[in-house]
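Engineer: next one to model:
(one chain, ligands or ions: 1)
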Amino acid sequence: MHAIEAARLYFDKAADHLGLSSNMRTLLLVPEREVKVQIALEMDNGEIGTFIGFRVQHNSARGPLKGGLRYHHEVDGDEVTVLASLMTWKTAVVNLPYGGAKGGIAIDVRKLSATELEKITRKFVDEIHDVVGPDKDIPAPDMGTNSQVMAWFMNQYSKYHGFSPAVVTGKPLELHGSEGREEATGRGVVTVTKALLERSGRQLAGATVALQGFGNVGSFAARFFHDGGAKIVAVSDQFGGVSNPAGLDIPALLAHARDNKAGVKGFSGGQSITNSELLAAEVDLLVPAALGGVLTAANARDVRAKFIIEAANHPTHPDADEIFNQREIVVLPDILANAGGVTVSYFEWVQNQQHFRWDLAKVRQELDRIMVESFDKVWTMATEKHVSLRTAAYIIGLGRVGRATVLGGI
Ligand code: NAD
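Structural biologist: Residues are numbered from 1 along each chain as shown. As a prediction, this is how the structure comes out:
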């Protein structure tokens, strides 16, 4: 199933509950603007490199557009469109005053030098600077991008429009970034997981975890799961995986992955495990925190976890989701589970607009409050309507966007 059709299925389930007309559905689904640009530059070896950059601006009914910028060789226009709509529902679920957007460039960052990455980022800004901006569309890091990329982005944009720190979030602390932004998505994942377990009569301490992905989201989630007393028994990334039924030594694994170009592979404190073995691990919590589309009809019946926490965007195909519902495996949906990142991005934007700094304690306190309040609303909706947490989150998100659209007028 195509990613766009899959996203449509989740959308329609909630739209049915809200009784949305087909015209309203079309209005909410069609992106406001799709930008596709050529990025041409001279590579380090003197040859010409040509790449394609995308920015999809899905819906701005609730405020300026917000969404990550992904550098990955599999980036394509359809995927960016789906991820942009996901951002619209996500910002609405956690009630941030934003719409949804997403961008990406189809490049393999591992094959590029820092100079080439900087040139590509600056060229991309040259092409799109008119359609982004602090009150228009505010990119942030996603897979393959980081605070350095955001620093280049802000610097290039400011050459056209004057000093504009609020044009991107996820910047370095030295360049108007926020305390707690780097850890935010992983922290938010663990905060809502804890709330889910407590509502389900369980607790985080002692829960076993299998985690796919050990990048920004996965590594910080691992740290907070570990701090909360959970036992992480398996971790994998693009290079391979490690497992240890007694629990992996997470501080040691973090140090290993940091010092080793091949990620978690080769860690001496566990046995080697493949990505498919990890997805089938017998654990309480399965946490996909890497690519989309990893849980499908082909492997959904192998999953033995009791809860799936969608730290990645769109990790579950709708047919797999249906199987999980039938098997009473609880899925905490991406538009809630990984919303901690955009929430602290919002705090960063607020600080930039106000030229004021929050300390880490305030960022964490506000993040935890928003995540727990949002979880409670989704849980209550799911209980009242007898629907999955995903459908409940979509009902809340679509409802807020739909009402803002109607109130604002078309
Ligand atoms: P990242 O680039 O920092 O890390 C990605 C991780 O996935 C790496 O450990 C990589 O090795 C692993 N990976 C890549 N291909 C894999 C494969 N085929 N099998 C197993 N592992 C693989 O990216 P990130 O920022 O941590 O983002 C991870 C996911 O979380 C993405 O789906 C992203 O859209 C989503 N997300 C990120 C944020 C954020 O703030 N960074 C916020 C919300 C959602």
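
Engineer: domains of this protein?
Structural biologist: According to automatic domain parsing, the chain is divided into the following domains: 31-175, 184-337.

Engineer: out of these, the one nearest the ligand is which?
Structural biologist: Nearest of those to the ligand, taken as CB to the nearest ligand atom: domain 184-337 at 1.7 Å. Bear in mind the C-beta positions are built from the backbone N, C-alpha and C, glycine included.

Engineer: and the closest one, end to end?
Structural biologist: 11 Å (CA to CA, to the nearest Å).

Engineer: same check on stretch 173-189?
Structural biologist: End-to-end distance for stretch 173-189: 22 Å, by CA to CA.

Engineer: pull out the buried positions in it.
Structural biologist: For stretch 173-189, the neighbour count (16 or more other CB atoms under 10 Å) marks 176-189 as buried.

Engineer: is the ligand within reach of that stretch?
Structural biologist: Yes. Contact of stretch 173-189 with the ligand (CB under 6 Å from any ligand atom) involves Thr185.

Engineer: now that stretch: how far from the chain's centre is it?
Structural biologist: Counting by CA atoms, centre = their mean, to the nearest Å, stretch 173-189 is centred 13 Å from the centre of its parent chain.

Engineer: try stretch 316-324
Structural biologist: With CA atoms, centre = their mean as the basis, stretch 316-324 stands 19 Å off its chain's centre.

Engineer: same question for stretch 192-205.
Structural biologist: The answer for stretch 192-205 is 21 Å, by CA atoms, centre = their mean.

Engineer: quick one: contacts of it?
Structural biologist: 190, 207, 225, 228-230, 284-285, 287, 307, 309, 330, 332, 336-337, 371-372, 374-376, 379, 389 (CB atoms under 8 Å, 6 or more residues apart in numbering).

Engineer: tally of neighbours for Ala221?
Structural biologist: By the measure other CB atoms under 10 Å, the count of residues near Ala221 is 31.

Engineer: same check on Trp349?
Structural biologist: The local packing of Trp349 (other CB under 10 Å) involves 24 other residues.

Engineer: what residues are up against it?
Structural biologist: Taking CB under 8 Å, 6+ apart, one finds Pro134, Ile138, Ala166, Thr169 in contact with Trp349.

Engineer: please, which helix or strand holds it?
Structural biologist: Here Trp349 sits within helix 340-354, counting by DSSP states H and E.

Engineer: pLDDT on that helix, on average?
Structural biologist: Taken as a whole, helix 340-354 carries a mean pLDDT of 98.

Engineer: equivalent analysis for stretch 218-231, please.
Structural biologist: If you average the pLDDT over stretch 218-231, you get 98.

Engineer: quick one: buried residues of that stretch?
Structural biologist: For stretch 218-231, by 16+ other CB under 10 Å, it's Gly218, Ser219, Phe220, Ala221, Ala222, Arg223, Phe224, Phe225, His226, Gly228, Ala230, Lys231.

Engineer: wait, the third one sits on Arg181?
Structural biologist: Put plainly, it is Phe220. No. The criterion here is CB atoms under 8 Å, and Phe220 misses it with Arg181 at 10.7 Å.

Engineer: before we move on, back to that, got the buried residues of stretch 173-189 as a markdown table, with pLDDT and secondary structure columns?
Structural biologist: Listed next are these as a markdown table, based on pLDDT from 0 to 100; DSSP: H, G, I helix; E, B strand; the rest coil:
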| residue | pLDDT | secondary structure |
| --- | --- | --- |
| His176 | 98 | coil |
| Gly177 | 98 | coil |
| Ser178 | 98 | coil |
| Glu179 | 98 | coil |
| Gly180 | 97 | coil |
| Arg181 | 95 | helix |
| Glu182 | 93 | helix |
| Glu183 | 96 | helix |
| Ala184 | 97 | helix |
| Thr185 | 96 | helix |
| Gly186 | 98 | helix |
| Arg187 | 98 | helix |
| Gly188 | 98 | helix |
| Val189 | 98 | helix |
